[in-house]
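A.B. asks: One predicted model, sequence on top.
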Amino acid sequence: VQLVESGGGQAQPGDSLTLSCAASGFTTSKYVIGWFRQAPGKERERVSCIGSMDGIGTYADSVRGRFTIIRDDHKMTVYLQMNNLKPEDAGVYYCAGRYGWYCAGYGTSDYDTWGQGTQVTVSA
């Protein structure tokens, strides 16, 4: 059971990046997948999540309207499209999964499968 993130890198304010979370060893169609980020000195926070039953994305207030989460269960991959990046979006981005249907009710500690993270840097 494994999740592998990719797509991070250096961006300027206003740029776009798309992160990918590729799964292996389990069926993503039965898993809730979340994207989390952790900036230096700050706690890990969930920025987005997508349910397995409804395929509906939820977003933190700080990224709503700029980020879009998409799941492709055929490719066993979940994407995070990040537009209009801001310096405060910088950090290590992790994807995580847990068996379940909907995002609501799950905190960070409820996710049991984590990727290794991908770094996103946003600076002029």
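C.D. replies: Right, received. Where do you want to start?

A.B. asks: how far away is the residue positioned nearest the centre of the chain from Y106?
C.D. replies: With distances taken as CA atoms, centre = their mean, the residue of the chain nearest its centroid is W35 (2.0 Å). With distances taken as CB to CB, to the nearest Å, W35 is found 13 Å from Y106. No exception for glycine: its C-beta is placed from N, CA and C like everyone else's.

A.B. asks: I50 now?
C.D. replies: Separation of I50 from Y106 (CB to CB) stands at 12 Å.

A.B. asks: just G14 next, same as before
C.D. replies: In terms of CB to CB, G14 sits 32 Å off from Y106.

A.B. asks: ok, the residue of the chain most remote from its centre - contacts?
C.D. replies: Residue farthest from the centre of the chain, counting by CA atoms, centre = their mean, is A124 at 23.6 Å. A124 makes contacts with 12-13, as judged by CB atoms under 8 Å, 6 or more residues apart in numbering.

A.B. asks: And it, what's its pLDDT?
C.D. replies: On pLDDT, A124 comes in at 92.

A.B. asks: before we move on, back to that, determine the residues that are contacts of both of W35 and Y106.
C.D. replies: Residues touching both W35 and Y106 comprise C49, with contact defined as CB under 8 Å, 6+ apart.

A.B. asks: Look at the residue nearest to Y79 when sequence neighbours are not counted and say how many residues are nearby.
C.D. replies: Distances taken as CB to CB, 6 or more residues apart in numbering place I70 nearest to Y79, at 4.6 Å, with adjacent residues excluded. Residue crowding around I70 was assessed by other CB atoms under 10 Å; the count is 13.

A.B. asks: now swap in E45 and tell me
C.D. replies: With other CB under 10 Å as criterion, E45 counts 14.

A.B. asks: Report the contact partners of it.
C.D. replies: Shown in contact with E45 (CB under 8 Å, 6+ apart): 36-38, 60, 108.

A.B. asks: Look up how far H74 lies from it.
C.D. replies: For E45, the distance to H74 equals 29 Å [CB to CB].

A.B. asks: and the helix or strand harbouring V47, C-alpha only, in PDB?
C.D. replies: Applying DSSP states H and E as the criterion places V47 in strand 45-50. This file holds the C-alpha atoms of strand 45-50, laid out as PDB (Å, rounded to 0.1, in the frame of the first residue of the first chain):
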ATOM      1  CA  GLU A  45      -3.100  21.100   7.700                       C
ATOM      2  CA  ARG A  46      -5.500  19.600   5.300                       C
ATOM      3  CA  VAL A  47      -6.000  21.800   2.200                       C
ATOM      4  CA  SER A  48      -8.400  19.500   0.200                       C
ATOM      5  CA  CYS A  49     -10.100  16.200   0.300                       C
ATOM      6  CA  ILE A  50     -12.200  14.100  -2.100                       C
END
